[in-house]
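In: Let's see this in three dimensions:
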Amino acid sequence: MRIGIIGAGVIGVSAAHALMRDGHEVTLLDPDGVANGASRGAAGAFAFADIIPLATPGILLQAPRWLFDPLGPLTVRPGYALQITPWLLRFFRASLPDRYEAACKAQARLMSHSKAALELLINDVKGEPLIRREGQLQVYDTKAAFEASKKSWQLREKAGIGYEALTSAGEIADLQPGLSSQFTHAMFTPGWMNTTDPKAWTEHVAESASRNGVTILHRKATRITHAADGATVETAEGAMHFDRVVLAAGAHSGELLKPLGLSFPLDTERGYNTTLPAGAFDLRTHVTFASHGFVVTRNFDGIRVGGAVELGGLKLPPNMKRADVLLEKAKRFMPSLSITGGKSWMGFRPSMPDSLPVIGTAPKMPNIVLAFGHGHLGLTQSAGTAELVADLVAGRPSNIDRAAYRPERFLGKAA
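Out: You can find the predicted model right below:
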């Protein structure tokens, strides 16, 4: 079949590779080229241990303090508060215990599937030189925070995720020297993986796909139309007809769906980071500052400090003070960190209120496959999502139940 994919981020590129491997004729469309959106500035983690949704039980009690702190770990831009209210209502409903537990299980299934799919992809594209297998250290600066986290770690354990508890600054220093002694408790996940650079990884997969016949075009899709014999993508350079179209345009997917009569609660977790030059710190593992909403990781030979969630849509200008605040915190928590010479960045992470992606055929439009809404887990879930997309195109069952990610969960009776 002739397959068109809209979006050349890590989801679209991975899907292109999987569909090419199935023998399809694949064309990848993106006006900015490969990995120049959210995939460009990600932390670089394949965070398979992150099965906990953003909407957790009790978040309603914390929300007022967080949401209106403009520099806090989870905030809403004042100019966007009214517009995002419907999304927030769904977000709060997703934090109810039964929905939260179901989301954890669905996330764990997709993580396990994605981890296996990634190992196959690494082998297919000879990508091991771009992978780091150094684990992750999640640190806590109070015993109370550590104890409160144990329920989430027990859920991870049930999902088969291994970890080790560290209960002294000395044990932490053995794994990662140079952290402030205020961090006296931690969890270490030895199976955690990173890429040397998320853009380099995505480009590497794209180059492999291109060598094997995938066409990559710098074109902006302006409209999708569905027909019985396929789907058509309109661009400034003309219309292109395909047997199937895969929409993997991340946070920009919604604008292409509205003309089709589909409206999803898709918004953006605007993420900020600063990448410091080589020699900024002797980082030996990915470090997550759990109570502060940010991570520090290696990017090539440099250091990337980033994270937090700002709900602000696609149009408001970035608030780069958020990147500065994260850098200042990192300096306090890692006293020998050199914070000069860094480059700051902001990207749009496509987010659904239940923290689960949309993966499935568009309702009543079986020739359009949807694959977006992965939040901050796009890189992590990219290989697994690609396999599910390939299954949908082929009309075959998947290794996991796809029901939790179906588009219809947000469309109700209209679907």
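
In: only C-alpha atoms for contact and neighbour calcs from this point on.
Out: Fine.

In: Quick check: buried residues in the helix or strand hosting Ala81?
Out: Following DSSP states H and E, one finds Ala81 within helix 81-94. Neighbour counts over helix 81-94 (16 or more other CA atoms under 10 Å) mark 81, 84, 87-88, 90-94 as buried.

In: any weak-confidence spans in this structure?
Out: 60-68, 412-415 (pLDDT under 70).

In: Residue ranges of each domain in it, please.
Out: The chain breaks down by automatic domain parsing into domains covering 2-40+200-265+355-414, 59-97+130-193+266-351.

In: Which residues are in contact with Ala394?
Out: If you count contacts by CA atoms under 8 Å, 6 or more residues apart in numbering, Ala394 has none.

In: any idea how far it is from Ala8?
Out: Distance, Ala394 to Ala8, by CA to CA, to the nearest Å: 21 Å.

In: which residues of the stretch 1-150 of the chain fall in strands?
Out: With DSSP state E, counting those that start in this stretch as the definition, the stretch 1-150 of the chain shows strands at residue ranges 2-6, 25-29, 45-46, 74-76, 131-132, 136-140.

In: which helices and strands sit right next to the last one?
Out: It refers to strand 136-140. Contacts defined by 3 or more CA pairs under 8 Å, 6 or more residues apart in numbering; DSSP states H and E place strand 136-140 against strand 185-189, strand 286-289.

In: And the third one, by the same measure?
Out: If contacts are counted by 3+ CA pairs under 8 Å, 6+ apart, strand 45-46 sits against strand 193-195, helix 378-394.

In: The helix or strand following the first one: how far from the chain's middle?
Out: Per DSSP H and E, the first helix or strand lying C-terminal to strand 193-195 is helix 198-211. Mean C-alpha position of helix 198-211 versus that of the full chain (CA atoms, centre = their mean, to the nearest Å) differs by 18 Å.

In: buried ones in helix 198-211?
Out: Quick answer for helix 198-211 (16+ other CA under 10 Å): 198-210.

In: Over to stretch 239-255?
Out: Those would be 241-254, for stretch 239-255 by 16+ other CA under 10 Å.

In: Sitting in helices, which of those do you find?
Out: Among the buried residues of stretch 239-255, DSSP state H puts 253-254 in helices.

In: Please flag which of the buried residues of stretch 239-255 sit within strands.
Out: Judged by DSSP state E, those include 241-242, 244-247 as members of strands.

In: Now flag whichever of the residues you listed is closest to Gly127.
Out: Val246 (24.7 Å; CA to CA).

In: Ala45 bridge partners, please.
Out: Judged by DSSP bridges, the bridge partners of Ala45 are Asn194.

In: hang on, it packs against Thr196?
Out: No: the pair Ala45 / Thr196 is not scored as a contact, 9.1 Å apart, by CA atoms under 8 Å.

In: Between the two, which has more neighbouring residues?
Out: Ala45 (26 against 21; other CA atoms under 10 Å).

In: Can you give me every residue that contacts that one?
Out: Taking CA under 8 Å, 6+ apart, we find Ala45 in contact with 192-195, 379-380.

In: Please identify, among those, the one with the most neighbours.
Out: Going by other CA under 10 Å, Leu379 tops those with 28 neighbours.

In: can you pull the contacts of it?
Out: Counting by CA under 8 Å, 6+ apart, Leu379 has contacts 10-11, 39, 42, 44-46, 198.

In: how does it look with 7 Å?
Out: 10, 46 (CA atoms under 7 Å, 6 or more residues apart in numbering).

In: I'm done for today, thanks for sticking with me.
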